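A.B. asks: Sequence and predicted structure below; questions after.
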Amino acid sequence: MDQILTQIEELVRKYYDDLFKNQPEEVGKIFLSEPSYDSREAIGAIRTILGGWISQGPNVKKFESSFSKYIGGTIGVAVNSGSSANLLAIHALKEVYGLRDGDEVIVPAATFSTVAMPLIQVGLVPVYVDVKRDSLNMAPSQIDGAISDKSRVLMPVHTLGYPAEMPALVEIAKRHKLIVFEDCCEAHGSTINGKKVGSFGEIASFSYFVAHNMTTGEGGMIVTNNEKLEETCRSLREFGRINQKNVSESRYYNDENLKDYDRRYVFDRIGYNLRMTDITAAFGIEQLAKLDEMNNQRRANADFLIKILSSEAKEFLELPREQEGYVHTYYTFPMVLKEGAPFSRREFSEHLEANNIETRPLFAGCLPDQPAFQGVSGRVVGDLEVSRYLRDNLIFIGVHPGLKNKHLEYVAGTILNFIKERAK
């Protein structure tokens, strides 16, 4: 069997070696993202499949440990998506901290839908505050005006890989006695003065969707240093099972109804089934080993575009920038049309798409304006002027590690040609 496994692994390596050697010379379509993986991830998944343990198991445990240590937390809880991570984290916060239905969670207005949806699903109220135009992140100046007697949680999102202003936000949260929940689904490895996002608050969520800086296809992780939150998340993740840590020492459970009952089939809360598989975790273990390298390539690709575009495009486009001490990991490359630009976001997008460059707007744009959020619980603070400007004028493109200089030169040239033509 070992000999057969060795042969399989050798063939898989050869397959990927040949695949990378035979890349097409032409530029082709430039996708927003492409998963960056090779024989190591494939072999990890194959070994897991052939080993016979494909549901949640030892690989998940290893991945939880290695990823949480990478972020700077002591505990990781792996789940099947970033959205599930948000759902479990907020549900656990509600239970552990005694949040009540109708309590409020302050979130940025310009973000993805599954920042606010889990809040509504567990009976909490999202409070939408505006973002900063230069960072796309929650504006600390907006928080004081959002506080009410029901405010319990502050939920910054590290948008497109750029860290939110966590030192300021943590200070505000302390002053108002708010719990800090970081949504890091787009920001694996982003840092502020060397400290990774996801290690500033009480709990954090990450996503491993195929488009993100590291991927397991689907998947997510919760990171925390709070053992009670960990215990609650693990129970909620798996049907609401009672704590399983000591099941080998104390196999049987007793109460007024259940006598000498197997603890593995005792449920003490209403839960979900949001587990990660060992195949997924095997993939993630290898991706984590490459994350810093992949992030460095994303940063290099973004810098390449900024250097080319900053002189001729700056009249009409706002390009990404980094505050001192902040490390952007560029899930994507955002561009904001300036006021008075001689073209619309749609015209710009259609030009890029016609030239095989994939584009997107800023996700949901401004959450309270989305149909799903009309008529459901939520409170808006201020006029959300910046969020609504970004809703209408932001476009992003890919800078993933699969792009080479020839792709980036093509992208920059396509953008500059469009601007020169429209500026006439």
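C.D. replies: Structure received.
A.B. asks: Centre-most residue in this protein?
C.D. replies: Geometric centre of the chain, nearest residue: Cys185, 1.2 Å, by Cα atoms, centre = their mean.
A.B. asks: From what I see, that one and Ser207 are in contact.
C.D. replies: Yes: at 3.7 Å, Cys185 counts as touching Ser207 under the criterion of Cβ atoms under 8 Å. The way it works is simple: take the backbone N, C-alpha and C, and place the C-beta from them, glycine included.
A.B. asks: what residues are shared contacts of those two?
C.D. replies: Common neighbours of Cys185 and Ser207 (criterion: Cβ atoms under 8 Å, 6 or more residues apart in numbering): Gly82, Ala85, Gly220.
A.B. asks: Just list what whichever helix or strand Val386 is part of packs against, helices and strands only.
C.D. replies: Under the criterion of DSSP states H and E, Val386 resides in helix 385-393. On a contact count with 3 or more Cβ pairs under 8 Å, 6 or more residues apart in numbering; DSSP states H and E, helix 385-393 meets strand 333-337.
A.B. asks: Where do the domain boundaries of this protein fall?
C.D. replies: According to automatic domain parsing, the chain comprises the domains 39-284, 291-422.
A.B. asks: can you tell which of those is closest to Gly28?
C.D. replies: domain 291-422 (7.0 Å; Cβ to Cβ).
A.B. asks: mean confidence for the closest one?
C.D. replies: Averaged across domain 291-422, the pLDDT comes to 97.
A.B. asks: that older thread, which one of the shared contacts of Cys185 and Ser207 has the most neighbours?
C.D. replies: Ala85 (32 neighbours; other Cβ atoms under 10 Å).
A.B. asks: Would you agree that one falls within a strand?
C.D. replies: No: if the criterion is DSSP: H, G, I helix; E, B strand; the rest coil, then Ala85 is helix and not within a strand.
A.B. asks: what sits up against stretch 20-31?
C.D. replies: With contacts defined as Cβ under 8 Å, 6+ apart, stretch 20-31 is touched by Asp38, Asn356, Ile357, Glu358, Ile397, Gly398, His400, Leu403, Lys406, His407, Tyr410, Val411.
A.B. asks: The residues you listed in helices, which ones?
C.D. replies: Among the contacts of stretch 20-31, DSSP state H puts Lys406, His407, Tyr410, Val411 in helices.
A.B. asks: now, which of these sits nearest Val131?
C.D. replies: Within these, proximity to Val131 (Cβ to Cβ) peaks at Val411, which comes in at 25.7 Å.
A.B. asks: check contacts around the closest one.
C.D. replies: Here Val411 is in contact with Ile30, Leu305, Ile357, Ile397 (Cβ under 8 Å, 6+ apart).
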